[in-house]
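Enquirer: sequence and computational prediction follow.
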Amino acid sequence: MRIERDSMGDMLVPDNAYYGAQTQRAFENFPVSDLKLPNPMIKALGIIKRSASIVNHNLGFIQNDIKDAIVSASDEVIAGKFNVQFIVDIFQTGSGTSSNMNTNETIANRASEIMGGKIGERFPVHPNDHVNFGQSSNDVFPTAIHVSANIEVQKTLIPSLEKLQKSLENKAKEFDSIMKIGRTHLQDATPIRLGQEFSGYAHMVKNGIVRLKNAQLLLSELAQGGTAVGTGINTHKEFGKRIAEEISLYSGVKFKEAENHFEAQASQDASVELSGVLKTIAVSLSKIANDIRWLGSGPRAGLGELILPAVQPGSSIMPGKVNPVICEAMIQTCAQVIGNDLAITLGGQGGFFELNLMLPLIAHNLLQSIQILSNASKMFTEKLVDGLIADEKKCNNYIEGSLAMCTSLAPVIGYDKAAGIAHKAFESGKTVREIALEDQILSEEELNKLLDPRSMTEPNS
């Protein structure tokens, strides 16, 4: 162990640790959970420190060799080399100060090592005077949330959803000729094409992508440059604009300085909005997964209109049983995202005066929602939707026996007479067509035209 000092006194720090006294003190202060800072947040903090050193050098505040060492150390943090050094619990100081200092100390020690210094001496690179120059935890951590979430949405979640949308669209085309019975209130309704049903699923995912892109507009605004309370004290007036440009250049995702730094640091409205979008997508995906699960129920005593890919044995006691496990995994994922949204909403209410004090909680839940939705969408596409098969015979068999077939007769013979046919068909066990022919309601030719299932799915043609 080595002895390091912070403003509150001496601390024992492990010899092999790149973090320092403030990180160790926070580690001991918050033994709450086993949840640490999410990897995308660590990466975002590395990007911020890297970009800050370049901007501060260009503004004349940091000499070139120190800038280069900070950039090199930050690159290693971004690459995940020092993830194990980020030891502070998620449930910590609400501003994320402990994790910001964890970042500053780790990068400063590594940068000093690169320059020939010793870990723990805070020389030649200092965690506050160099790595954190022109910054405050109060603008760094909100910036890191926006940077990490925006990058993960653009580079991970949207591509996963686009693949799912494409797979559902392909199934919509593949199943377009397959007639089946529609269902409302879990009861038989008028016919629909299986492809039409899947086109609805595809459009739900498409709408989710549109919502994500809309949420990115405000998520692209960065708090950096506001420092402690939004006034920009102790930083250059161009720092916020320049660091946003540098982060954009490095990440390939567009960012800009917040239009109002007081809003950017006092609230987390953009994160709450994004979480709401993630919740909406979760609701959509849960509906799709549940529909497919039910349509594939059986194989002998269920609906059985879809044949789901068999990916693993379904029972430890019933040989040969195969369950819709991919659907179930998706539904559980969606439930977690919906639960995370409540925590993020409550976190958003943690903005008091000039600072939100629930930033680590928001970061953890937001990034977990993005990650699990991305992974579950990829799983759902590759292990389920791509391999779906329709049982066309079973789909067709449900149609002729449905009492809802009488719906197309109502405009011609009237609602009450059509209802009477449906009731008689139900009581006798016969089809609507059979009763209509027996009672000579219309000619066989007229009935065949009115009771053609395909025409019922194209009422405007």
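Expert: Good, I have the coordinates.

Enquirer: would you map the helices across the stretch 1-150 of the chain?
Expert: 21-29, 39-58, 64-78, 97-114, 137-152 (DSSP state H, counting those that start in this stretch).

Enquirer: geometric centre of the chain: which residue is closest?
Expert: Ranked by distance to the mean C-alpha position of the chain (Cα atoms, centre = their mean), the top residue is Ile370 at 2.8 Å.

Enquirer: wait, Ile243 touches Arg50, no?
Expert: No. Using Cβ atoms under 8 Å, Ile243 is not in contact with Arg50; the gap is 10.0 Å. Yep, even glycine has a C-beta here, placed from its N, CA and C like the rest.

Enquirer: more crowded one of these two?
Expert: Ile243 (28 against 24; other Cβ atoms under 10 Å).

Enquirer: quick revisit: export the helices of the stretch 1-150 of the chain to a markdown table and tack on distance to Thr333 and mean pLDDT?
Expert: Converted to a markdown table, the helices of the stretch 1-150 of the chain look like this (distance: least, Cβ to Cβ, whole Å; pLDDT from 0 to 100):
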| stretch | distance to Thr333 | mean pLDDT |
| --- | --- | --- |
| helix 21-29 | 31 | 97 |
| helix 39-58 | 18 | 98 |
| helix 64-78 | 28 | 98 |
| helix 97-114 | 26 | 98 |
| helix 137-152 | 15 | 98 |
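
Enquirer: next, format those helices as TSV and append distance to Leu164.
Expert: Formatted as TSV, the helices of the stretch 1-150 of the chain follow (distance: least, Cβ to Cβ, whole Å):
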stretch	distance to Leu164
helix 21-29	40
helix 39-58	21
helix 64-78	29
helix 97-114	33
helix 137-152	17
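
Enquirer: so which of those is nearest Asp10?
Expert: With Cβ to Cβ, the closest approach to Asp10 among these belongs to helix 21-29: 7.7 Å.

Enquirer: list the buried residues for that closest one?
Expert: Of the residues in helix 21-29, Ala21, Gln22, Thr23, Gln24, Arg25, Ala26, Phe27 count as buried by neighbour count, 16 or more other Cβ atoms under 10 Å.

Enquirer: how about the contacts made by the second one?
Expert: In this structure, Gln22 makes contact with Asp6, Ser98, Met101, Asn102, Glu105, judged by Cβ atoms under 8 Å, 6 or more residues apart in numbering.

Enquirer: thought Ser137 was touching the third one, still the case?
Expert: Yes. With contact defined as Cβ under 8 Å, Met101 counts as touching Ser137 (7.4 Å).

Enquirer: of those two, who's got more company?
Expert: Met101 (26 against 23).

Enquirer: Provide a list of residues in contact with the more buried one.
Expert: Gly20, Gln22, Thr23, Ala26, Pro127, Asn132, Ser137.

Enquirer: could you check how far it is from Lys43?
Expert: Met101 sits 18 Å away from Lys43, going by Cβ to Cβ, to the nearest Å.

Enquirer: one more: Val325?
Expert: In terms of Cβ to Cβ, Val325 sits 32 Å off from Lys43.

Enquirer: same drill for these two, tell me which one is more crowded.
Expert: The neighbour count for Val325 versus Lys43, taken as other Cβ under 10 Å, is higher for Lys43 (21 against 17).

Enquirer: count of neighbours near the residue lying closest to that one once chain neighbours are set aside?
Expert: Leaving aside its chain neighbours, Lys43 sits nearest to Ile78 (5.2 Å; criterion: Cβ to Cβ, 6 or more residues apart in numbering). Neighbourhood size, Ile78 [other Cβ under 10 Å]: 19.

Enquirer: would you confirm that Cys327 contacts Ile292?
Expert: Yes. Counting by Cβ under 8 Å, Cys327 touches Ile292, with 5.8 Å between them.

Enquirer: so which strand or helix has Gly304?
Expert: Assigned by DSSP states H and E, Gly304 belongs to no helix or strand.

Enquirer: relative to Ala44, how far out is it?
Expert: With Cβ to Cβ as the criterion, Gly304 and Ala44 are 48 Å apart.

Enquirer: same thing with Tyr18?
Expert: Taken as Cβ to Cβ, the span from Tyr18 to Ala44 is 18 Å.

Enquirer: ok, the nearest residue to Leu157 once chain neighbours are set aside - contacts?
Expert: Of all residues not flanking Leu157 in the chain, Ser374 sits nearest, at 4.5 Å (Cβ to Cβ, 6+ apart). By Cβ under 8 Å, 6+ apart, the contact set of Ser374 is Glu152, Thr156, Leu157, Ser160.

Enquirer: let me know the closest of the residues you listed to Lys180.
Expert: Ser160 (28.5 Å).

Enquirer: which element, helix or strand, includes the closest one?
Expert: helix 158-174.

Enquirer: in the stretch 351-461 of the chain, which segments are predicted with low confidence?
Expert: Counting by pLDDT under 70, the ranges of the stretch 351-461 of the chain that qualify are 460-461.

Enquirer: okay, helices next: where are they in it?
Expert: Using DSSP H, counting those that start in this stretch, helices in the stretch 351-461 of the chain cover 359-383, 392-400, 410-413, 415-428, 432-438, 444-450, 453-456.

Enquirer: ranges for the helices of the stretch 201-350 of the chain?
Expert: 239-251, 261-266, 269-295, 325-348.

Enquirer: turn the ones you listed into TSV, including mean pLDDT and distance to Ala419.
Expert: Below are those laid out as TSV (pLDDT from 0 to 100; distance: least, Cβ to Cβ, whole Å):
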stretch	mean pLDDT	distance to Ala419
helix 239-251	98	63
helix 261-266	98	59
helix 269-295	98	28
helix 325-348	98	37
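
Enquirer: with distance to Ile389 as added columns, please give the ones you listed in JSON lines.
Expert: As requested, the helices of the stretch 201-350 of the chain are exported to JSON lines (distance: least, Cβ to Cβ, whole Å):
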{"stretch": "helix 239-251", "distance to Ile389": "42"}
{"stretch": "helix 261-266", "distance to Ile389": "51"}
{"stretch": "helix 269-295", "distance to Ile389": "11"}
{"stretch": "helix 325-348", "distance to Ile389": "14"}
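
Enquirer: compare Gly304 and Ala44 (neighbour count), which wins?
Expert: Under the criterion of other Cβ under 10 Å, the comparison of Gly304 against Ala44 puts Ala44 first, with 30 against 18.
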